[in-house]
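Chemist: coordinates for the following, if possible.
(2 chains)
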Amino acid sequence: MNAHDKDDQQARLKKLLHQTLPPVGAGAGPERDLWPAMLRRLDIESASPAANGRAWDWAWFDGALAVGLAALAAFFPAAIPLALYYL
Amino acid sequence: MRNEASDVLDQFRQGNMDAFETLFHQHQRAVYGWILRIVRNPAAAEELTIESFWRIHRARGRFEPAMGFEGWARRIATHAALDWLRTSRIENELSTEMLAELAAPLAADPGVTAEIRLKTAQAFGRLAPKLRVAATLAVVEELPQKDVASALGISVAAVKLRVFRALRLLRKDLERQGIRP
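Modeler: Numbering: from 1, shown residues only, chains lettered A, B, ... in the order given. I've put the predicted structure just below:
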């Protein structure tokens, strides 16, 4: 296949693509004002722990569980694979 | 003399919500339209417009005035749309309206059947999102390559390469299905 054939094939492919996916164009706009939805999103995000600089919100039992797991690993190393299996 | 627009941008950078609302209302249509060109799904475009403005609000401290708000917003919107394409499935992207359009006979070229167009749309949907976005904007929407490059944050040469790869992979996929474009 020479360069001319390749250009031809490329042009046919572009035409097929145009016929399959007609351009949307620049004029499209949303059907409604999206600002109320934006405000809801801002409210949700500002209420989340991550937005307040707390990526992790530890409860006392999270700490107790972590200490328990660390103790288990220290005193019974053979239990580590079992613990990993159940995690 | 400082104009009103640059005052709004300054206030936005400082976290002023009124300034953000002004920018939102000024640019929501353009951002939505840009996203719709990429994802071709009105419901997803609305959702992604909100997501883009959320990212814009979060990144306000990093806003580069030299790029202009529109260019900066467009780049953020392009990346939000790319993330959506990466996580969504091909079937989701072919909306009911799009399938109905594909099924309708093509007056301009009756040789291109609905089946060929459906297979082309599906093959296009199988391309890697970053190739698909470049081809959608540069080939389908016929936007200048420098605009596509700016929106994607890559060079014009990289856009050309992505479009070339997208068309080559599309052609190979169609040929495997017995369609010779």
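Chemist: would you tell me what helix or strand the residue sitting nearest the centre point of chain B is located in?
Modeler: Relative to the mean C-alpha position of chain B, the nearest C-alpha, by C-alpha atoms, centre = their mean, is the one of B:Ile38, at 2.7 Å. For B:Ile38, the host element (DSSP states H and E) is helix B:17-39.
Chemist: quick one: the next helix or strand after that helix near chain A?
Modeler: Downstream of helix B:17-39, the first helix or strand assigned by DSSP H and E is helix B:42-58. Yes: against chain A, helix B:42-58 shows contacts by C-beta under 8 Å from any C-beta of the partner chain at B:42, B:45-46, B:49-50, B:53-54, B:57. (Glycine included, C-beta is placed from N, CA and C.)
Chemist: who wins on neighbours among the residues you listed?
Modeler: Neighbour counts for the residues of helix B:42-58 next to chain A, by other C-beta atoms under 10 Å in any protein chain shown, peak at B:Thr49, which reaches 28 neighbours.
Chemist: re the thing from before, specify which member of the residues of helix B:42-58 next to chain A is nearest to B:Leu118.
Modeler: Of all the residues of helix B:42-58 next to chain A, B:Leu118 sits closest to B:Pro42, with 20.3 Å by C-beta to C-beta.
Chemist: show me what contacts that closest one?
Modeler: A:30-31, B:36 (C-beta atoms under 8 Å, 6 or more residues apart in numbering or on different chains).
Chemist: okay if I get those as TSV plus pLDDT and neighbour count?
Modeler: Shown next, in TSV, are those (pLDDT from 0 to 100; neighbours: other C-beta atoms under 10 Å in any protein chain shown):
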residue	pLDDT	neighbour count
A:Pro30	91	18
A:Glu31	89	9
B:Leu36	94	22
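Chemist: and those as a markdown table, adding distance to B:Leu143?
Modeler: Formatted as a markdown table, the contacts of B:Pro42 follow (distance: C-beta to C-beta, whole Å):
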| residue | distance to B:Leu143 |
| --- | --- |
| A:Pro30 | 20 |
| A:Glu31 | 24 |
| B:Leu36 | 13 |
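Chemist: tell me the one of these nearest B:His27?
Modeler: B:His27 lies nearest to A:Pro30 out of the contacts of B:Pro42, by C-beta to C-beta, at 11.8 Å.
Chemist: circling back: so the residue nearest to the centre of chain B makes contact with B:Ala80?
Modeler: No: under the criterion of C-beta atoms under 8 Å, B:Ile38 makes no contact with B:Ala80, lying 9.4 Å away.
Chemist: residues of chain B that sit close to chain A?
Modeler: Near chain A, when you scan chain B using C-beta under 8 Å from any C-beta, you find B:21, B:24-25, B:28-29, B:32-33, B:36-37, B:40, B:42, B:45-46, B:49-50, B:53-54, B:57, B:101-102, B:106, B:108-109, B:112, B:116-117, B:120-121, B:124, B:135-136, B:139-142, B:167, B:170-171, B:181.
Chemist: what do you get if the cut-off is 6 Å, keeping everything else the same?
Modeler: B:24, B:28-29, B:32-33, B:36-37, B:46, B:49-50, B:53-54, B:106, B:112, B:117, B:120-121, B:139-141, B:167, B:171, B:181 (C-beta under 6 Å from any C-beta of the partner chain).
Chemist: among those, name the buried ones.
Modeler: Buried members of the residues of chain B next to chain A, scored by 16 or more other C-beta atoms under 10 Å in any protein chain shown, are B:24, B:28-29, B:32-33, B:36-37, B:46, B:49-50, B:53-54, B:106, B:112, B:117, B:120-121, B:139-141, B:167, B:171, B:181.
Chemist: give me the number of residues near B:Ala30?
Modeler: B:Ala30: 16 neighbours (other C-beta under 10 Å).
Chemist: report pLDDT for it.
Modeler: As predicted, B:Ala30 sits at a pLDDT of 95.
Chemist: how about the closest residue to B:Trp54 other than its chain neighbours, secondary structure?
Modeler: Counting by C-beta to C-beta, 6 or more residues apart in numbering or on different chains, A:Arg41 is the residue found nearest to B:Trp54 once chain neighbours are left out, at 5.5 Å. Here A:Arg41 is helix, with the state taken from DSSP: H, G, I helix; E, B strand; the rest coil.
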